[in-house]
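Participant: give me the fold of what follows.
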Amino acid sequence: MKKVMLFLMLFSVNLFAAPVNVNKASAEEISEALKGIGLKKGKAIVSYRKKNGAFSSVDELINVKGIGPKTISDNKADIKFGKKKKSKKSKK
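Facilitator: Residues are numbered from 1 along each chain as shown. As a prediction, this is how the structure comes out:
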């Protein structure tokens, strides 16, 4: 019976986990989608993104306070970026 309950618990966690675009998602969406990321770290990701622009690779997340290599490794498959917008510069 314990094995069945454990299986159901593990299956239900994976059922709700979905990839998240860290360049568009809210802090709440990030914290719900990624393992080891609570609301505080989710807010730190959004704050960093607002100050520094969109992330272009998973390795850039290491620059966010509280995000370490293990967190990145644990979530690599669930972190998405979407297309990075090019800045519009005026031509002379």
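Participant: and the helix or strand hosting A44, how far from the chain's centre?
Facilitator: For A44, the host element (DSSP states H and E) is helix 39-52. Here the centre of helix 39-52 is set off from its chain's centre by 10 Å, with CA atoms, centre = their mean, to the nearest Å.
Participant: could you do stretch 25-35 as well?
Facilitator: Relative to its parent chain, stretch 25-35 has a centroid offset of 6 Å by CA atoms, centre = their mean.
Participant: next, the buried residues of that stretch.
Facilitator: The neighbour-count check on stretch 25-35 (16 or more other CB atoms under 10 Å) flags 25, 27, 29-34 as buried. Every C-beta, even on glycine, is put in place using the N, C-alpha and C of the backbone.
Participant: repeat for stretch 38-45
Facilitator: Within stretch 38-45, the residues that count as buried by 16+ other CB under 10 Å are 41-42, 44-45.
Participant: distance to K65 added to those residues, as CSV?
Facilitator: Shown next, in CSV, are these (distance: CB to CB, whole Å):
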residue, distance to K65
K41, 9
G42, 12
A44, 6
I45, 10
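Participant: okay, the residues you listed in CSV with pLDDT and distance to I72 next?
Facilitator: Shown next, in CSV, are the buried residues of stretch 38-45 (pLDDT from 0 to 100; distance: CB to CB, whole Å):
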residue, pLDDT, distance to I72
K41, 97, 12
G42, 97, 14
A44, 98, 14
I45, 98, 11
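Participant: and of those residues, the nearest to F55?
Facilitator: I45 (8.4 Å; CB to CB).
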